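Student: My questions are about this predicted structure, shown below with the sequence.
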Amino acid sequence: MPRPPKSLVMARSAKAAMLAAVEIYNKTAFEYREEAFCVLIINAWEVLLKARIVSQNRNRLQIIYIREKGNQYKRSKYTNSPLIITLDRALNQINPPANVRNNIETLYGLRNEITHLGPLHPELKQKILEFGTASVENFISLLKQWFGEPMDGLYLLPVGFVGGMVAVSTNPSQRQRQLLHELQRIAAASESDDDGYAVALSVKIEIARTTGGGGTIGVTSDANAPSVNITDDEFLSMYPLNFKDVVATCKERYRNFKQNSEFYDLLKQAKSDPSCAMERRLHPESTKSPSQFFYNEDATFVLLDRHYESPGLGAGLSSS
């Protein structure tokens, strides 16, 4: 049996790296899942792009070596093996569709930075999921288009499915807030029609019964939905913020925040959405007790983030 071309061997290695990235991400108890995922998915893309360059140059592996003067190649001081071109240079040579390039460059920037940020806030984890899902889809498409290699049935488990978005009351750090806004900007600026490729893909999950009836799990106005009682502690873990907490967080989180009519209109929207806010009596057993709204931090600030600006956006993503 003839040996496969070098470029195909490389493409299959890239495929194995992508499988490893998805496998690591879907380990729900693995605390370093997003960080490890970004490292592996960038490795997968780097190998795939270089495999494409090799395939376009008669399977000459030397085409991806860094050449010095004459016929000499630059070599590693550790192993004395030829050094290989960078990801940036591979992207420039292949020049993939704009959304593919923007997605890879964004995940590359995240890979360089999130490994140093400590525990990641759920909102940032959700954004990594959205960019990662698009990247997996793009990779599968180009692997098949360039090398005829099938790779179907790969999915990243949504963060909410493993409880990552629920009952988190801590604020993201300033740098993580900057990254969140930068990721939102990149996604919003992406090409709407780029041959089916995406920079980021929205990921939602609904858990429902298959035997009929109202089966949605969560806060709902569906009269047919089964009711579930929650304790005071469970309620406060889901809706930990009161009005003063929301205002204080806004003052810290946004540089253009004003406690004006626009803000109160936004809070009115939040109050009408059970995922953002719920009303609760101060003394639940008494129908005459005054009530107060409490807010879910993640859902409420997803709403508010669309209308206010975070400080220090100029820092952007790392590209080193």
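Tutor: Thanks, I have it.

Student: Contact partners for Leu183?
Tutor: By Cβ atoms under 8 Å, 6 or more residues apart in numbering, the residues touching Leu183 are Thr106, Leu124, Lys127, Phe131, Ala200. Backbone N, C-alpha and C define where each C-beta goes, glycine included.

Student: switch the cut-off to 10 Å
Tutor: By Cβ atoms under 10 Å, 6 or more residues apart in numbering, the contact set of Leu183 is 106, 109-110, 123-124, 126-128, 130-131, 199-200, 317.

Student: Pull up the gap between Glu31 and Leu179, please.
Tutor: Plainly put, Glu31 is 19 Å away from Leu179 if you go by Cβ to Cβ, to the nearest Å.

Student: same check, this time on Asp305
Tutor: Applying Cβ to Cβ, the value for Asp305 to Leu179 is 13 Å.

Student: Determine the longest helix present in this structure.
Tutor: helix 122-147 (DSSP state H).

Student: and that one, what does it pack onto?
Tutor: Secondary-structure packing of helix 122-147 (3 or more Cβ pairs under 10 Å, 6 or more residues apart in numbering; DSSP states H and E): helix 6-25, helix 33-55, helix 98-114, helix 174-188, helix 297-305.

Student: What segments of the stretch 201-320 of the chain are strands?
Tutor: Taking DSSP state E, counting those that start in this stretch as the test, the strands found in the stretch 201-320 of the chain are 277-281, 291-295.

Student: per-stretch mean pLDDT over those, give me the minimum one.
Tutor: Mean pLDDT per stretch puts strand 277-281 lowest among these, at a mean of 83.

Student: So which bits of it are buried?
Tutor: For strand 277-281, the neighbour count (16 or more other Cβ atoms under 10 Å) marks Ala277, Met278, Arg280 as buried.

Student: Can you tell me which of the residues you listed lies closest to Phe235?
Tutor: In terms of Cβ to Cβ, no member of those lies closer to Phe235 than Arg280, at 6.6 Å.

Student: Identify the residues contacting stretch 88-96?
Tutor: Stretch 88-96 is contacted from outside by 45-53, 56-57, 63-64, 66, 84-86, 100-105, 108, 138, 142, 146, 194, 197, 319, using Cβ under 10 Å, 6+ apart.

Student: Now that you've got the residues you listed, can you turn the buried subset into something I can paste into ChimeraX?
Tutor: Selection of buried members from the contacts of stretch 88-96 for ChimeraX, criterion 16+ other Cβ under 10 Å:
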select :45,46,47,48,49,50,51,52,53,63,64,84,85,100,101,102,103,104,105,108,138,142,146,194,197
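
Student: Which one of the contacts of Leu183 is nearest to Cys38?
Tutor: Among the contacts of Leu183, Leu110 lies closest to Cys38 (Cβ to Cβ), at 5.3 Å.

Student: what about the nearest residue to that closest one once chain neighbours are set aside, how many residues close to it?
Tutor: Nearest residue to Leu110, sequence neighbours excluded (Cβ to Cβ, 6 or more residues apart in numbering): Cys38, at 5.3 Å. If you count neighbours by other Cβ atoms under 10 Å, Cys38 ends up with 26.

Student: Now do the contacts for Cys38.
Tutor: Counting by Cβ under 10 Å, 6+ apart, Cys38 makes contact with 21, 25, 106-115, 128, 131-132, 135.

Student: neighbour count winner among Glu31 and Leu179?
Tutor: Set Glu31 next to Leu179 and count neighbours by other Cβ under 10 Å: Leu179 wins out with 29 against 10.

Student: right, and that one touches Phe131 too?
Tutor: No. Judged on Cβ atoms under 10 Å, Leu179 makes no contact with Phe131 at a distance of 11.2 Å.

Student: Which residues are in contact with each of the two?
Tutor: Common neighbours of Leu179 and Phe131 (Cβ under 10 Å, 6+ apart) are Leu110.

Student: What about Asn59, how many residues nearby?
Tutor: By other Cβ under 10 Å, the residues close to Asn59 number 16.
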